[in-house]
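J.: This is a predicted model, with the sequence first.
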Amino acid sequence: MSFKSVVGKIYRNFLVRRILRAFGVIFVTSTLTFFIIRLMPSNPIEIFINQMMAAYGMSYQDAKALALALFTIDLDKPLHQQYIEYLINLFQGNLGRSISISPGTPVMDIILAFLPWTLFSVSISILASFVLGVITGIIAAYRRGGLFDKVMSTFAAIISAIPGYLIGILIIVFIGVQYGLINYMRGAYSAGIRPGFNLQFISDVFLHLAAPFATYVLSTFGGWMLSMKASTISTLGEDYVTVAKAKGLPESRIRTQYVGRNAILPLFTSLAIQLGFIFGGSVLIENIFVYRGVGRLLWSSINARDYTVMQAVFLIITISVVVSNLLADLIYGLIDPRVRVGE
Amino acid sequence: MSVGKKAKNVLYTFVVDPLKIIVHNKAGLIGFIGLLIYIFMAIAGPYIVPLDTIPKPEQRYLPPSWEHPLGTDFEGKDIFSQIVNGARDVLFVAFLAGTITVLIATVLGSIAGFKGGLWDNAIMAVDEILLTIPQFPLLSVLAALTRLDNFTLALVIGVLSWPALARAIRSQVLSLKERDFIEAARALGLDAKHIVFTEIMPNLMSYIVVSWILSMTGAVYSQVGLVFLGFVPFTSHNWGVMINLAWTWGAIYYKNSVWYIISPIMAITGFQLSAILFSRALEEIFNPRLRE
């Protein structure tokens, strides 16, 4: 076998091609965000100088000298040179150092401190919302036209019309303030508690998770329920369900093995897309609950014009979206034999 | 056909029949009336209920009364007048952004689906990249760093939100392209322009119109969210500004301020719900197959 045919064979492999494309997308998006962030007016050093001038009455020259001494980044370098340096660093796994949020700290450390909280809160909430939506969706489809269906469908339609962050504010106003639970709705854990593996800390973390969890679940639940209901109803009309019934298979088996399994398929793709959307929405929801996640980090880095942190947050979000899309494609092939690609 | 008869026909197809469908469709009727109220509020509201701009510290956080239907805010200003005057901004951005989204998505989606080949590859590559960059964070960066006004904000939201819709339209065009009636039109020697505009588009119309409405609700989500986070300058008193002020003034932690924070939230929710309900009636108007 010649080298060329080996390369050709590898390229024709679905998995390899899909992964190559994922890398391509990550590369292009991180390049785009690099330039978008830098081509915008104002920059971190200017913001810092303005802050110093306003807060301490420094002269422009003094403030600038202080800024240059504090920050390692040189924004006067030509853009393409900055970009090449960024790429070289990125390939070495170096995300650079923070400019103005906490000057000098490696961005990787900052990301590692914030990312787990977002992953933790978002994945638990999305999973719960998905399971809840799928189950109510199936029940509503089986009892369509009944009271349960009517109440739940109306509820789902209304709740999914309200933007998630407004649900969060409503939770704070009606539950947090009126019942005095507001302390559990700010931050990821109480200020006085030392993080560690003990019961006190873990229960505190879950108490603080409750409000954002409820917000994520309420704002996504309706969508899952309505699409699961529609999908189940159309599956119920399929010939193989009729055949299974005619064969006399037990109803419980038809429900799980025939209807449920097939109806859930289209929802898996949206699950992956939803994950990316949630990362976007977490900017708002984490801000409302002052939750220590990447969404909150993005907000503070935008306000401080911290280029390196902004870039890193975008990179992390992009990677998670691309990876979840990739997983969705691969899992779809596993669970639905009809769309298996290639040999 | 006489001119009078022609006018009557036009009146029936574009006004009377759609109205009949709307009246018949209960959910659609509620949405339609709701939207009419919002549009009326945006156009005529400011002339009927002028914005209350005088702070009256002794009237802070009053409960609803005949004088102040929704109570007063943290400076003693009337909330109802702020809600009425806030409609215009929100509806303007929603309408413009939704329209831009749908225009770009329809044009690019149908070109990709109909032309195929290089066009398809190029459009879908851009589509995938825009779809991967999370929209709201990107919007936040653009809005915060460039200080957008209402018009540019709508433009940016529109330009960033087309990819998902374009993808859906492309796949619909791809499947329509293989249908028999398109085959027949091709065999008759009709040109691409005729096939796209008179054979394919009418079949997509109901989907496009519904997506137009949904894009508007999406634009409201982004717009209010950006204003709430403080990334867009407060040019006027819209609902997002009210929520932001309630937030930054700590009103949400104050028991008496419930009306102040609930009013804009209800205004936004009402708009989103009316739009979604109305889209169901629209779907029926543009898709004769759904009618009984």
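T.: Sure, I can see it.

J.: Now do stretch A:293-303, average pLDDT.
T.: For stretch A:293-303, the per-residue pLDDT values average out at 85.

J.: Start from the N-terminal end of chain B and give the helices.
T.: With DSSP state H as the criterion, chain B has helices at B:3-11, B:17-24, B:26-48, B:79-115, B:117-132, B:135-146, B:150-160, B:163-177, B:180-187, B:192-194, B:201-229, B:239-248, B:258-286.

J.: Could you dump the ones you listed into TSV with distance to chain A added?
T.: Where C-beta positions appear, they are placed from N, C-alpha and C, glycine not excepted. Converted to TSV, those look like this (distance: least, Cβ to the nearest Cβ, whole Å):
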stretch	distance to chain A
helix B:3-11	33
helix B:17-24	18
helix B:26-48	9
helix B:79-115	12
helix B:117-132	5
helix B:135-146	3
helix B:150-160	11
helix B:163-177	8
helix B:180-187	23
helix B:192-194	30
helix B:201-229	5
helix B:239-248	7
helix B:258-286	4
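
J.: Among those helices, which comes closest to A:R253?
T.: Nearest to A:R253 among the helices of chain B is helix B:163-177; the distance by Cβ to Cβ comes to 33.5 Å.

J.: Show me what the closest one is packed against.
T.: Secondary-structure packing of helix B:163-177 (3 or more Cβ pairs under 8 Å, 6 or more residues apart in numbering or on different chains; DSSP states H and E): helix B:79-115, helix B:117-132, helix B:201-229.

J.: Could you export these as a markdown table, including mean pLDDT, distance to A:I335 and mean neighbour count?
T.: What follows is the helices and strands packed on helix B:163-177, written out as a markdown table (pLDDT from 0 to 100; distance: least, Cβ to Cβ, whole Å; neighbours: other Cβ atoms under 10 Å in any protein chain shown):
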| stretch | mean pLDDT | distance to A:I335 | mean neighbour count |
| --- | --- | --- | --- |
| helix B:79-115 | 86 | 28 | 22 |
| helix B:117-132 | 85 | 23 | 16 |
| helix B:201-229 | 85 | 28 | 22 |
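
J.: So which of the ones you listed is nearest A:D204?
T.: Taking Cβ to Cβ, helix B:201-229 is the member of these nearest to A:D204, at 27.1 Å.

J.: got the angle for the closest one vs helix B:239-248?
T.: Here the directions of helix B:201-229 and helix B:239-248 differ by 30 degrees (axes from the mean of the first three to the mean of the last three Cα atoms, to 10 degrees).

J.: From the contact counts, what lies against helix B:201-229?
T.: Under the contact definition 3+ Cβ pairs under 8 Å, 6+ apart, helix B:201-229 sits against helix A:164-171, helix A:265-288, helix B:79-115, helix B:135-146, helix B:150-160, helix B:163-177, helix B:239-248, helix B:258-286.

J.: Tabulate these (a markdown table), appending distance to B:W212.
T.: Written out in a markdown table, the entries for those read as follows (distance: least, Cβ to Cβ, whole Å):
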| stretch | distance to B:W212 |
| --- | --- |
| helix A:164-171 | 22 |
| helix A:265-288 | 20 |
| helix B:79-115 | 5 |
| helix B:135-146 | 18 |
| helix B:150-160 | 11 |
| helix B:163-177 | 9 |
| helix B:239-248 | 21 |
| helix B:258-286 | 8 |
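
J.: Which one of those has the poorest average confidence?
T.: For the helices and strands packed on helix B:201-229, the weakest mean pLDDT is recorded on helix A:265-288, namely a mean of 75.

J.: Run the angle between it and helix A:164-171 for me.
T.: Here helix A:265-288 runs at an angle of 60 degrees relative to helix A:164-171 (the same axes, to 10 degrees).

J.: other SSEs contacting helix A:265-288?
T.: helix A:107-142, helix A:164-171, helix A:199-236, helix A:294-303, helix A:307-335, helix B:135-146, helix B:201-229.

J.: ok, and for stretch A:116-132, which residues are buried?
T.: A:W117, A:T118, A:S121, A:V122, A:I124, A:S125, A:I126, A:S129, A:F130 (16 or more other Cβ atoms under 10 Å in any protein chain shown).

J.: ok, now how distant is the first one from A:L284?
T.: Meaning A:W117. Counting by Cβ to Cβ, to the nearest Å, the gap between A:W117 and A:L284 amounts to 16 Å.

J.: quick one on the thing from earlier: now render the helices and strands packed on helix B:163-177 as TSV, adding distance to A:H208.
T.: Shown next, in TSV, are the helices and strands packed on helix B:163-177 (distance: least, Cβ to Cβ, whole Å):
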stretch	distance to A:H208
helix B:79-115	32
helix B:117-132	31
helix B:201-229	21
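
J.: right, and those - which one's nearest B:V141?
T.: When those are ranked by proximity to B:V141 (Cβ to Cβ), helix B:201-229 comes first, at 10.6 Å.

J.: What angle do helix A:294-303 and that closest one make with each other?
T.: Computed with the same axes, to 10 degrees, the direction of helix B:201-229 lies at 70 degrees from that of helix A:294-303.

J.: Stretch A:220-229 and chain B, any residue contact?
T.: No - when contact is scored as Cβ under 8 Å from any Cβ of the partner chain, no part of stretch A:220-229 falls within range of chain B; the minimum is 10.9 Å.

J.: And for that stretch, what's in contact with it?
T.: Identification of contacts with stretch A:220-229 by Cβ atoms under 8 Å, 6 or more residues apart in numbering or on different chains yields A:125-126, A:129-130, A:132-134, A:136-138, A:140-141, A:144, A:149, A:152-153, A:155-160, A:164, A:263-264, A:266-267, A:270, A:274, A:278.

J.: Any chance of JSON lines for the buried residues of stretch A:116-132, columns pLDDT and distance to chain B?
T.: Below are the buried residues of stretch A:116-132 laid out as JSON lines (pLDDT from 0 to 100; distance: Cβ to the nearest Cβ, whole Å):
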{"residue": "A:W117", "pLDDT": "85", "distance to chain B": "17"}
{"residue": "A:T118", "pLDDT": "85", "distance to chain B": "12"}
{"residue": "A:S121", "pLDDT": "86", "distance to chain B": "17"}
{"residue": "A:V122", "pLDDT": "85", "distance to chain B": "12"}
{"residue": "A:I124", "pLDDT": "87", "distance to chain B": "20"}
{"residue": "A:S125", "pLDDT": "88", "distance to chain B": "17"}
{"residue": "A:I126", "pLDDT": "86", "distance to chain B": "15"}
{"residue": "A:S129", "pLDDT": "90", "distance to chain B": "18"}
{"residue": "A:F130", "pLDDT": "90", "distance to chain B": "19"}
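
J.: one step back: most neighbours per residue, which of the helices and strands packed on helix B:201-229?
T.: By mean neighbour count, with neighbours taken as mean count of other Cβ atoms under 10 Å in any protein chain shown, helix A:164-171 ranks first of the helices and strands packed on helix B:201-229 at a mean of 23.

J.: Send me that helix as CSV with only the CA atoms.
T.: Once non-C-alpha atoms are left out, helix A:164-171 reads as follows in CSV (Å, rounded to 0.1, in the frame of the first residue of the first chain):
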residue,chain,number,x,y,z
GLY,A,164,-34.4,32.2,31.8
TYR,A,165,-32.7,35.1,33.5
LEU,A,166,-36.2,36.6,34.3
ILE,A,167,-37.2,33.3,35.9
GLY,A,168,-34.1,33.7,38.0
ILE,A,169,-35.0,37.2,39.1
LEU,A,170,-38.6,36.0,39.9
ILE,A,171,-37.1,33.2,42.1
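
J.: and it, how far out from the chain's middle?
T.: Put simply, helix A:164-171 sits 18 Å off its chain's centre (Cα atoms, centre = their mean, to the nearest Å).

J.: so it versus helix A:199-236, what angle?
T.: Between the axes of helix A:164-171 and helix A:199-236, defined by the same axes, to 10 degrees, the angle is 130 degrees.

J.: Does helix A:164-171 reach chain B?
T.: Yes - part of helix A:164-171 sits close enough to chain B to count as contact by Cβ under 8 Å from any Cβ, namely A:Y165, A:L166, A:I169, A:L170.

J.: No more questions from me, cheers.
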